[in-house]
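> Give me the fold of what follows.
(one chain, ligands or ions: 1)
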Amino acid sequence: MTVLSMDRVGFSRDGQPIVQDVSFAVGEGEMIALLGPNGAGKTTILRLLLRLLRPDKGKILLDGRSLAGLRRRDLASRIAYVPQGHAVIFPYKVRDVVALGRLADTMFSPVASAADRAAADAAMGHLAVGHLADRSYAALSGGERQGVLIARALAQGARILVLDEPETGLDYGQQRRLFDLLRHLAAEGYAIVATTHDPLRAARTFARAILLRQGRIMDDGPAVTVLSEQSIATLYDFDA
Ligand SMILES: Nc1ncnc2c1ncn2[C@@H]1O[C@H](COP(=O)(O)OP(=O)(O)OP(=O)(O)O)[C@@H](O)[C@H]1O
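Here you go, the predicted model:
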């Protein structure tokens with residue numbers, strides 16, 4: 001079932017088209033890699049999906065309803081953003097970072113409820129980061145941070161995860177564990193959209209790949225098919 005879709009979306013900055021005529025639909029349980037050279041518009045598409053930017057043209061639908069008209073709280077209950085883990089944006093204890101995922105709910109009440117604390121604890125348990133709860137987020141390794149950021153997204157209760165280059169800064173083992181985890185979540189029904197700069201990993205790990213070039217979709221389909229040697233060469237502009 002489709003949970004999120006873009007229909008002929010266009011977005012410009014200062015009259016310059018950044019995203020043009022982009023259409024795709026994300027289904028429950030799908031794991032989609034968004035690939036393309038620097039400046040192709042990947043992050044812009046993520047920001048449009050998260051409603052951090054508004055499209056100039058076309059429509060974005062969440063559960064069949066226009067993203068533009070949704071209440072922030074409803075949006076937060078469905079879509080969670082996992083930023084790059086290497087930036088220390090949270091000078092807090094891990095437990096507090098994960099509880100921030102409940103903010104969409106807790107901001108309506110001055111105190112985190114028992115249910116909020118339970119959701120944060122459950123998310124940490126699910127991602128095996130519970131033992132880090134009282135550590136400082138800033139002192140964690142890249143892989144540990146990425147796990148905590150995903151736990152924060154799960155605590156939010158959202159079933160659509162949008163990740164920006166999640167493997168950045170992780171060693172090979174941590175990347176393996178991260179992508180195993182994402183596959184596991186997709187098998188549980190989570191919809192996952194992630195940008196990546198690693199076509200070989202995307203071909204092995206993701207079910208589907210969307211290739212983006214100069215703001216337009218160049219190809220979209222099963223990752224193993226779409227990410228051929230030839231199309232990778234075309235996408236990144238080198239001789240195969
Ligand atoms: N805040 C901004 N102001 C002006 N132009 C911007 C801004 N953010 C992005 N752009 C431009 O929009 C285009 C697409 O950028 P975007 O960050 O979406 O690309 P990307 O595919 O995510 O690139 P990268 O792989 O380098 O992260 C680029 O030409 C970029 O310079």
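> show me what contacts P55?
Neighbouring residues of P55 by C-beta atoms under 8 Å, 6 or more residues apart in numbering: V9, G10, F11, V19, L48. To be clear about C-beta, it is placed using only N, CA and C from the backbone, and glycine gets the same treatment.
> tell me the SS of it?
coil (DSSP: H, G, I helix; E, B strand; the rest coil).
> The residue lying closest to it once chain neighbours are set aside sits in which helix or strand?
In space, and not counting its chain neighbours, P55 is closest to V9: 4.7 Å by C-beta to C-beta, 6 or more residues apart in numbering. Using DSSP states H and E, V9 sits within strand 2-13.
> That strand near the ligand anywhere?
Yes: counting by C-beta under 6 Å from any ligand atom, the ligand is contacted by strand 2-13 at R13.
> quick one: I192 from F238, how far?
From I192 across to F238, the span is 28 Å (C-beta to C-beta, to the nearest Å).
> Between those two, which is the more surrounded one?
I192 (23 against 8; other C-beta atoms under 10 Å).
> Return the distance of the lengthiest helix in the chain from the chain's centre.
Assignment by DSSP state H gives helix 172-187 as the longest helix of the chain. Helix 172-187 sits 13 Å away from the centroid of its parent chain (C-alpha atoms, centre = their mean, to the nearest Å).
> Averaged pLDDT, it. What do you get?
Taken as a whole, helix 172-187 carries a mean pLDDT of 89.
> got it, and stretch 131-142?
Rounded mean pLDDT across stretch 131-142 is 88.
> and the next element down the chain from the worst-scoring helix or strand of the chain on mean pLDDT?
Lowest mean confidence among the helices and strands of the chain (mean pLDDT, DSSP states H and E): helix 103-106, at a mean of 57. Of the helices and strands lying after helix 103-106 in sequence (DSSP H and E), the nearest is helix 114-126.
> Show me what counts as buried in that following helix.
Under the neighbour-count criterion of 16 or more other C-beta atoms under 10 Å, helix 114-126 has D116, R117, A119, A120, D121, A123, M124, H126 buried.
> what does it contact?
Contacting residues not belonging to helix 114-126 are listed as 94-95, 98-99, 101-102, 105-106, 130, 132-133, 148, 151-152, 154-155, 157 [C-beta under 8 Å, 6+ apart].
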